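J.: Structure here, sequence nowhere to be found:
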């Protein structure tokens, strides 16, 4: 767990996924972490600051 200030907006990285894919990731923390790890390796996460 990390501290995130209440004033900081966190984007929904799963917003572009289909409903079944979102549900699959939500059911398994390991699967979700693998997905986020793949985004990080591709340089797509974390998003650059505005």
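T.: Structure's in. What do you need? On a predicted model such as this, the values are computed, not experimentally measured, just so you know.
J.: got a list of contacts for the longest helix along the chain?
T.: For the chain, the helix that runs over the most residues, judged by DSSP state H, is helix 29-41. With contact meaning Cβ atoms under 8 Å, 6 or more residues apart in numbering, helix 29-41 is reached by 13, 24, 25, 26, 45, 46. For glycine as for every other residue, the C-beta is placed from the backbone atoms N, C-alpha and C.
J.: got a winner among those residues for most neighbours?
T.: Highest neighbour count within the contacts of helix 29-41: residue 25, with 18 neighbours (other Cβ atoms under 10 Å).
J.: For that one, which three-state class applies?
T.: Here residue 25 is recorded as helix under DSSP: H, G, I helix; E, B strand; the rest coil.
J.: so how far is residue 6 from the residue lying closest to it once chain neighbours are set aside?
T.: Distances taken as Cβ to Cβ, 6 or more residues apart in numbering put residue 32 closest to residue 25, at 4.6 Å, once the chain neighbours are dropped. Per Cβ to Cβ, to the nearest Å, residue 32 is found 23 Å from residue 6.
J.: who has more neighbours, those two?
T.: Under the criterion of other Cβ under 10 Å, the comparison of residue 32 against residue 6 puts residue 32 first, with 16 against 4.
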